[in-house]
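>>> Coordinates for the following, if possible.
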Amino acid sequence: MKKLSIVLVALLGWLPALADETIGLEFPVEDAKAAVASRNYEFVALEMADGLEFPGLTEAQAGQVQQDYAVKVLNQRWRTFTNIEQRPQELRRMQSYARRYNLVMWKELQQQKVQDAKRYRY
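Sure thing, here's the model as predicted:
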């Protein structure tokens with residue numbers, strides 16, 4: 001029994017190191033549409049060694065996003081012992097989520113601008 005408790009304590013000590021940062025990143029399209037519906041125009045990015053990466057956006061779009069909108073960083077390099085570059089599966093999942101989220105957010109934002117411009121004003 002004592003050995004079992006020692007093993008459990010040792011395993012619990014490893015849990016933070018094994019934690020997956022992508023938990024909660026399953027529905028990028030729904031998340032982006034919900035954010036637009038609540039008028040929370042926040043794009044997502046990945047913090048890499050050479051700066052922020054905006055999957056799904058061109059360089060010009062990324063510059064405009066950084067200048068005009070809030071940016072949520074999916075991975076915080078300072079919170080983890082290993083960098084995202086050292087975990088390729090997690091990196092691919094985060095990039096896939098960010099790509100779909102940013103594309104939907106950009107499209108919805110452009111449609112919102114067109115609708116606002118066409119809205120009849122007195």
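>>> Give me the below-cutoff pLDDT ranges for this protein.
Counting by pLDDT under 70, the chain shows low-confidence ranges at 1-23, 77-83, 121-122.
>>> Please enumerate the strands of it.
42-48, 51-53, 70-73 (DSSP state E).
>>> so what strands line up beside the last one?
By that I understand strand 70-73. In the sheet, strand 70-73 lines up against strand 42-48 (parallel) (DSSP bridges).
>>> Check the gap between the nearest residue to residue 62 once chain neighbours are set aside and residue 109 for me.
Nearest residue to residue 62 in three dimensions, chain neighbours excluded: residue 54, at 4.1 Å (CB to CB, 6 or more residues apart in numbering). Every C-beta, even on glycine, is put in place using the N, C-alpha and C of the backbone. From residue 54 across to residue 109, the span is 14 Å (CB to CB, to the nearest Å).
>>> Equivalent analysis for residue 103, please.
Applying CB to CB to residue 103 and residue 109 gives a distance of 11 Å.
>>> again with residue 60
15 Å.
>>> is it true that the residue nearest to residue 62 touches residue 98?
Yes: with contact defined as CB atoms under 8 Å, residue 54 reaches residue 98; the gap is 7.4 Å.
>>> Give me whichever of the strands of the chain is most buried.
strand 42-48 (a mean of 19; mean count of other CB atoms under 10 Å).
>>> How far off centre is it?
Put simply, strand 42-48 sits 6 Å off its chain's centre (CA atoms, centre = their mean, to the nearest Å).
>>> who's in contact with it?
35, 52-55, 57, 65, 69-77, 84-85, 91, 94-95, 97-98, 101-102, 105-106 (CB atoms under 8 Å, 6 or more residues apart in numbering).
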